[in-house]
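J.: Mind looking at a prediction? Sequence and model below.
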Amino acid sequence: MPKSKRTAKRAADERVEPPVEGSADGPAEDPAERRRRRAVFLRELAEARALRERVQPRRTKAMRLRQAARMRTFRF
């Protein structure tokens, strides 16, 4: 007897495997590749912060002062 469409679709859904990326039990990522991607990310982040400082100097100064106050709060 042929399977119903619903049963066939459910069976097809069960065969689909989750994506490998972000999987904790997937193959280990190459450390050199991870470091390279991290370096690119940090470089872009620094570039974005520099741009923000040039575009909004007053807001950047206020952020810097708040950060300094936070750092002073937690010193021994």
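T.: Cool, got the structure. Numbering: from 1, shown residues only.
J.: neighbouring contacts of the strand or helix carrying Met63?
T.: Here Met63 sits within helix 57-73, counting by DSSP states H and E. Contacts of helix 57-73 from elsewhere in the structure, counted by Cβ atoms under 8 Å, 6 or more residues apart in numbering, are 52-53. All C-beta atoms are positioned from the backbone trio N, CA, C, and that covers glycine.
J.: for it, what is the average pLDDT?
T.: Across helix 57-73, the average pLDDT comes to 89.
J.: Got the phi and psi for Ala32?
T.: Backbone torsions of Ala32, given as degrees, to the nearest 10, read phi -70, psi -40.
J.: List the buried residues of the helix holding Met63.
T.: Taking 16 or more other Cβ atoms under 10 Å as the neighbour-count basis, helix 57-73 is seen to contain no buried residue.
J.: do the same with stretch 30-50
T.: Counting neighbours by 16+ other Cβ under 10 Å, one finds that stretch 30-50 has no buried residues.
J.: average pLDDT across it?
T.: Rounded mean pLDDT across stretch 30-50 is 95.
J.: Pull it out as CSV, backbone CA atoms only.
T.: C-alpha atoms of stretch 30-50 as CSV (Å, rounded to 0.1, in the frame of the first residue of the first chain):
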residue,chain,number,x,y,z
ASP,A,30,41.0,25.0,11.6
PRO,A,31,42.6,27.3,14.2
ALA,A,32,44.4,29.3,11.6
GLU,A,33,41.2,30.0,9.7
ARG,A,34,39.5,31.0,12.9
ARG,A,35,42.3,33.4,13.8
ARG,A,36,42.2,34.9,10.3
ARG,A,37,38.5,35.5,10.5
ARG,A,38,38.8,37.0,14.0
ALA,A,39,41.6,39.3,12.8
VAL,A,40,39.4,40.6,9.9
PHE,A,41,36.5,41.1,12.3
LEU,A,42,38.6,43.0,14.8
ARG,A,43,40.1,45.2,12.1
GLU,A,44,36.6,46.1,10.7
LEU,A,45,35.4,46.8,14.3
ALA,A,46,38.3,49.2,14.9
GLU,A,47,37.6,50.8,11.6
ALA,A,48,33.9,51.3,12.5
ARG,A,49,34.9,52.8,15.9
ALA,A,50,37.3,55.2,14.2
